[in-house]
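Participant: I'll drop the sequence and a predicted model, then ask my questions.
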Amino acid sequence: MQNLKQKKRFNLFLIHMKGIAMKYFIKSSLVSLAGITLVACVSMSAGQSIVKTEKGVLVSTNNMTLYTFDNDQANSGKSSCYGDCAINWPPLLVDANATSYGSYSIITRDDGKKQFAYKGKPLYYFLKDTKPGEQNGNGFSNNAWHIVQM
């Protein structure tokens, strides 16, 4: 019953994303769906990366654009995006066995989950990017969100 309600709410959300003005972001009902569909929780073994460059932009291995947030301080080891922010900007999560390499590092979020970072800045997806290569979040929120240009 709960899953049916979540699916209905998610479908309403998709309708809003196709052009109907959103009056508010769907909050707790989307947390589990956003986590399932957009947050990558992957492992890395030696020589294997979860990111790549596509047309000069950093993307995940599923070609979804990755972003940094101006409110995150580089090399602080912290994210400042939680709650509603993390619903709309799901973090690029990695499993506990992931390791840092080159310009890539791993931070520990307040909830204990591990998040991938580039040059010390945590990486995120954007909920409104629904297809590989979309960059709908670039410049969002008074230019606080940025694609990572390589």
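Facilitator: Thanks, I have the structure now. Numbering: from 1, shown residues only.

Participant: wait, doesn't residue 87 sit right on residue 128?
Facilitator: No. With contact defined as CB atoms under 8 Å, residue 87 does not count as touching residue 128 (11.7 Å). Yep, even glycine has a C-beta here, placed from its N, CA and C like the rest.

Participant: Those two: who's more crowded?
Facilitator: It is residue 87, of residue 87 and residue 128, that has more neighbours when counted by other CB atoms under 10 Å, with 21 against 13.

Participant: any idea which element the more buried one lies in?
Facilitator: Using DSSP states H and E, residue 87 maps to helix 84-88.

Participant: Output the contacting helices and strands for the next helix or strand after that helix.
Facilitator: Downstream of helix 84-88, the next assigned helix or strand under DSSP H and E is strand 93-94. Judged by 3 or more CB pairs under 8 Å, 6 or more residues apart in numbering; DSSP states H and E, the packing partners of strand 93-94 are strand 41-42, strand 114-118.

Participant: Now the helix holding residue 87: buried residues?
Facilitator: 85, 86, 87, 88 (16 or more other CB atoms under 10 Å).

Participant: Also stretch 127-136?
Facilitator: Quick answer for stretch 127-136 (16+ other CB under 10 Å): 127, 129, 135.

Participant: could you pull out the helices for the chain?
Facilitator: Secondary structure of the chain by DSSP state H: the helices cover 2-17, 28-37, 84-88, 140-143.

Participant: Among the ones you listed, show the one with the smallest mean pLDDT.
Facilitator: Lowest mean pLDDT of the helices of the chain: helix 28-37, a mean of 38.

Participant: show me where pLDDT drops low in the chain?
Facilitator: For the chain, applying pLDDT under 70 flags the ranges 1-48.

Participant: rewinding a little: let's have the helices and strands packed on strand 93-94 in TSV, adding distance to residue 148 and mean neighbour count.
Facilitator: Converted to TSV, the helices and strands packed on strand 93-94 look like this (distance: least, CB to CB, whole Å; neighbours: other CB atoms under 10 Å):
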stretch	distance to residue 148	mean neighbour count
strand 41-42	18	14
strand 114-118	6	22
